[in-house]
Each structure stands twice: as C-alpha cells, then as structure tokens.
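> Kindly generate the corresponding structure for this input.
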Amino acid sequence: MLIAGFPAGAWGTNCYLVAPAAGEECVIIDPGHQAAQGVEETLKKHRLKPVAVMLTHGHIDHVASVVPVCGAHDVPAWIHPADRYMMSDPAKGIGLSVGTPLLGELTVGEPDDVRELTDGAVLNLAGMELTVAHAPGHTKGSVTFRMPEAADIPPVFFSGDLLFAGSIGRTDLPGGDMAEMLDSLARVCLPLDDSTVVLSGHGPQTTIGRERATNPYLRDVADGLGSAAAPRRGM
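Here you go, the predicted structure:
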C-alpha cells in the first residue's frame, strides 16, 4: 500500500493520497487550504490516478481545495450530509458572520459530483476497501475511514479531527459537542486493535495502542470518567 501525506495551508491540515501501489488509482483524503499544488505534485511523483476525494468533515481547512482538485480530475467528492453545507458556506461552519474574510481568496462551493457518506458504509475505491464510521463531536457530520489489515500491513485509521496524537478535536465550534465526541471516541476508536495506525487531520501519526495508553481523553473514556483537562486541537 502507498500512503503519501503532507500538511497543507495555514492550518497544517494533513492531506493523504492512498493507493494500492505507485502507478495505480488512488483516493485523496481532505484536500484542504492550499493543498491543490501538493496533490498534483504527489500524483505526478507516484504516477497516480485519482478516482475520488474523501472528506472527514466539512471545515474549510479540510475542504478548501475540493473544487479545483475534483474539477481537474473529474472525480466525485464524498462527504457526510450533515457537513455538506460547509463546502458552500465555510464561514458558518466555524462561527463567522457573512462577509468575514477567510485568508483571502478561497475556492468555495461544491464540485459537480457530490456523494454522501453513511455510517457503516463499505466503499470499494481504487481497489481498496474503506469502512466509514460516523463520528460526530468535532462537527455533526464528522466521519472516519478505516482500512483493514493486509498482508504485513497493519490496519489504518484516518481519524480526521476526532483523534490526534495525545489529544482530540475541539468541540467549541458550531456543531461541536463534547458528549458526542466522547461517545464517538468510545464507539469508534476504543474497539480498534492496538496495532491500528492512526493518521489524523493534524499532527504526526500514532497508533491506537499508544493513544489507549497515553491519550488522557481516550484513557478517561475507557475508564468511564468523561473528559480530561488536556488541551484539544484542530481548527
């Protein structure tokens, strides 16, 4: 499997290109602010052909380059329906009033082909299987993508802004809810095998085992204690 990721834009949002191998079809996960050039460079470097854009949620730092990327390659964008409105109205998703500048010129709106994600859906794209889990808390339409273990490759979990190395996504923006976040951590993250590699929306990769042992939020959820006092991350 090939997973090529890079941080993009003002928020350093991780964009991932995932393929069975170099020279094959791929999916693009979370092409956010100023990610289009990095996407094109990565496609060229690994000789990849995109078949879909996958979005973990609708915040502008994760979707700002969806229109140019989808348009350049004539591919659909997949997003949960509860977050779809943010593609056309990004300010509303982060609590800004109409007309508030968002880092200068941004391409907003929907690509020509938008498809909606549902909890538990198993998508077969680019010769790979991705299982969708609805994981509200950071936003109402947050989702994660899980890929099963294959040969000597451990399971991979694209957590978006649900789970980070040492922290979790913030819940103080519109649509955020700490109770939902804790439920999503318990329901979506805790059942995963310790060997599962976590590729999140911001920051370095980690594993479920490491987070189960050291992440104060995940530890408290496992112990039934509720939220911890460590700082939260994400937009």
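
> Surely residue 113 and residue 78 touch.
No - look at residue 113 against residue 78 with CB atoms under 8 Å: they stay out of range, at 9.7 Å. From N, CA and C alone the C-beta is placed, and that goes for glycine too.

> if you count what's nearby, which of those two comes out ahead?
residue 78 (23 against 13; other CB atoms under 10 Å).

> So that one belongs to a strand, correct?
Yes - according to DSSP: H, G, I helix; E, B strand; the rest coil, residue 78 belongs to a strand.

> What's the first helix or strand after the worst-scoring helix or strand of the chain on mean pLDDT?
Least confident helix or strand, the chain: helix 90-93 with a mean of 68, by mean pLDDT, DSSP states H and E. Moving toward the C-terminus from helix 90-93, the next helix or strand (DSSP states H and E) is strand 114-116.

> Identify the residues contacting that next one?
Contacts of strand 114-116 with the rest of the structure, by CB atoms under 8 Å, 6 or more residues apart in numbering, involve 76, 77, 78, 79, 80, 81, 84, 87.

> same thing but 6 Å
With CB atoms under 6 Å, 6 or more residues apart in numbering as the test, strand 114-116 has contacts from 76, 77, 78, 81.

> Buried only: go through the residues you listed for me.
Buried subset of these (neighbour count, 16 or more other CB atoms under 10 Å): 76, 77, 78.

> Run through the bridge partners of the last one.
If I follow you right, that is residue 78. Note on residue 78: beta-bridge partners by DSSP bridges are residue 54, residue 115.

> which helices and strands sit right next to the longest helix seen in the chain?
Identified as the longest helix of the chain according to DSSP state H is helix 36-46. Secondary-structure packing of helix 36-46 (3 or more CB pairs under 6 Å, 6 or more residues apart in numbering; DSSP states H and E): strand 2-8, helix 66-73.

> looking at it, residue 156 is touching residue 147, isn't it?
Yes - counting by CB atoms under 6 Å, residue 147 is a contact partner of residue 156 at 4.4 Å.

> and among the helices and strands packed on helix 36-46, the most buried is which?
Mean neighbour count, computed with mean count of other CB atoms under 10 Å, is highest for helix 66-73 among the helices and strands packed on helix 36-46, reaching a mean of 19.

> Please put the alpha-carbon coordinates of that one into PDB.
Listed next in PDB are the C-alpha coordinates belonging to helix 66-73 (Å, rounded to 0.1, in the frame of the first residue of the first chain):
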ATOM      1  CA  VAL A  66     -12.000  20.200  -3.200                       C
ATOM      2  CA  VAL A  67     -13.400  22.100  -6.100                       C
ATOM      3  CA  PRO A  68     -10.100  22.600  -8.000                       C
ATOM      4  CA  VAL A  69      -8.900  19.000  -7.300                       C
ATOM      5  CA  CYS A  70     -12.200  17.400  -8.300                       C
ATOM      6  CA  GLY A  71     -12.500  19.600 -11.300                       C
ATOM      7  CA  ALA A  72      -9.000  18.900 -12.600                       C
ATOM      8  CA  HIS A  73      -9.600  15.200 -12.500                       C
END
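
> which stretches of this structure aren't confidently modelled?
91-108, 225-235 (pLDDT under 70).

> Send over stretch 121-131 as CSV, restricted to the C-alpha atoms.
Provided in CSV are the C-alpha atoms of stretch 121-131 (Å, rounded to 0.1, in the frame of the first residue of the first chain):
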residue,chain,number,x,y,z
ALA,A,121,-20.8,2.1,4.6
VAL,A,122,-18.0,0.0,3.0
LEU,A,123,-16.6,1.7,-0.1
ASN,A,124,-14.5,-0.1,-2.7
LEU,A,125,-12.5,2.5,-4.4
ALA,A,126,-9.2,2.3,-6.3
GLY,A,127,-9.0,-1.4,-5.5
MET,A,128,-9.2,-0.7,-1.7
GLU,A,129,-11.8,-1.1,1.0
LEU,A,130,-12.7,1.8,3.2
THR,A,131,-15.2,1.5,6.0
